[in-house]
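Colleague: pasting the sequence and the predicted coordinates here, then a few questions.
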2 protein chains.
Amino acid sequence: MIDYSQGIENGGVRVVRLSSVYRKLEEGSKRLTPQRELVIRIFSEHPGEHLSAEEVHQLVKKKFQDIGLATVYRSLELLTHLEILTRINFDDGRARYEFNQEETHRHHHLVCVRCGRVEEYGEDLLDTLETRIFKERGFTVLDHELKFYGICHACAAKRGTDKGEKI
Amino acid sequence: MIDYSQGIENGGVRVVRLSSVYRKLEEGSKRLTPQRELVIRIFSEHPGEHLSAEEVHQLVKKKFQDIGLATVYRSLELLTHLEILTRINFDDGRARYEFNQEETHRHHHLVCVRCGRVEEYGEDLLDTLETRIFKERGFTVLDHELKFYGICHACAAKRGTDKGEKI
DNA sequence: TTACGTGCAAAGGTTTTGCACTAGC
DNA sequence: GCTAGTGCAAAACCTTTGCACGTAA
């Protein structure tokens, strides 16, 4: 099974504003527990990765302390609700999460079907299209999700020397 | 739970080329069994809908004959592999399927977050973007998936008279 | 103090799999 | 007749939930 957790640094800013995270927790009248803090820390220490609940669970246990898997699930749900995390689905049978990058910009995903790495692509060129959709259909776009599936640069380069590989 | 199976007729052509379906089965050296034929028939009789395995199973049993759920799952997998069906994920906890519309054009989905209806939007304006991605990143796009989440025309209209509704 | 959060185990829901039986080709 | 396909039940997974206990504010 391809591992969709991997990310690729794209040279963009990866600063996590923890103060804003804490503010959001406060605004939602949610307590900052050690468990929630550790979940957030895992994401801040794994920039560009798209982690599943199980992966977060393992990382917290390995790096810090034991924690219940159910707690991880509940934390992820809460943090997504507070728009601190974003939930993404790469159709690999489990939900994955990343920091919500609203402060920087909305980005898309380039999923390599050969190695499974997920690059991020920062350009959001859909405004024109969203305007068109509203004019033509009366559909007000609130959000969008765009994934490109294909062959990444590294795999394309490797392909030249790697004859035995099947698509 | 919102029902994402519903579709909206968009005035487009919905002709299902069954001959092409059978040809694809033959090319893949796959047998045309009654069960597979029935699964295909369900999709051809439910144009514009995005059916889950369980829904297909119920429809086949209701309209035609008893069939095993595992067989439905295996048929959906096969038909997707043969590019007769396309698998879509609306994050409602189960995979959904629709006829692969490669012969007409690639389309996107407009998902209404209020009523759950899924419209299709025929314009594929991503060619420019895909070219850019290749030039900038060396990533060869093979396929893409674009979903817009928002409020459909009907819900927006209803909103005016329906004060008590929350988000 | 007290409502909220955690951990554990059990349950829930979807999808896959093993195996004996059946049926296209 | 062979090989591929089906049906059933069990298993595998991911995720949610009930409940008793713990703890942040």
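Modeller: Looks like it arrived, so ask away.
Colleague: so how far is B:R137 from A:E120?
Modeller: Summarising the geometry, the distance separating A:E120 from B:R137, computed by Cβ to Cβ, to the nearest Å, is 10 Å. Glycine gets a C-beta too; all of them are placed from N, C-alpha and C.
Colleague: so what sits against both of these two?
Modeller: Shared contacts of A:E120 and B:R137, defined by Cβ atoms under 8 Å, 6 or more residues apart in numbering or on different chains, comprise A:L110.
Colleague: which residue is nearest the centroid of chain A?
Modeller: In chain A, the residue lying closest to the centroid (Cα atoms, centre = their mean) is A:E98, at 3.0 Å.
Colleague: what pLDDT is listed against it?
Modeller: At A:E98 the predicted local distance difference test score is 92.
Colleague: distance check, A:T33 against chain B.
Modeller: Between A:T33 and chain B the distance, using Cβ to the nearest Cβ, to the nearest Å, works out to 27 Å.
Colleague: surely A:R106 is in a helix?
Modeller: No: looking at A:R106 with DSSP: H, G, I helix; E, B strand; the rest coil, it is coil, so not inside a helix.
Colleague: count the residues that sit near it.
Modeller: A count of nearby residues for A:R106, using other Cβ atoms under 10 Å in any protein chain shown, gives 16.
Colleague: pLDDT wise, what is it at?
Modeller: Looking at A:R106, its pLDDT is 70.
Colleague: partner strands of the longest strand out of those in chain A and their direction?
Modeller: The strand spanning the most residues in chain A, taking DSSP state E as the definition, is strand A:140-151. With DSSP bridges as the test, strand A:140-151 is paired with strand A:108-112 (parallel), strand B:140-151 (antiparallel).
Colleague: so for DNA strand D, which of these sits nearest?
Modeller: DNA strand D lies closest, by Cβ to the nearest atom of the strand, to one member of the strands paired with strand A:140-151: strand A:108-112, at 17.2 Å.
Colleague: just to revisit the earlier point, the residue nearest to the centre of chain A contacts A:T86, correct?
Modeller: Yes: shown here, A:E98 and A:T86 form a contact pair, counting by Cβ atoms under 8 Å, at 5.7 Å.
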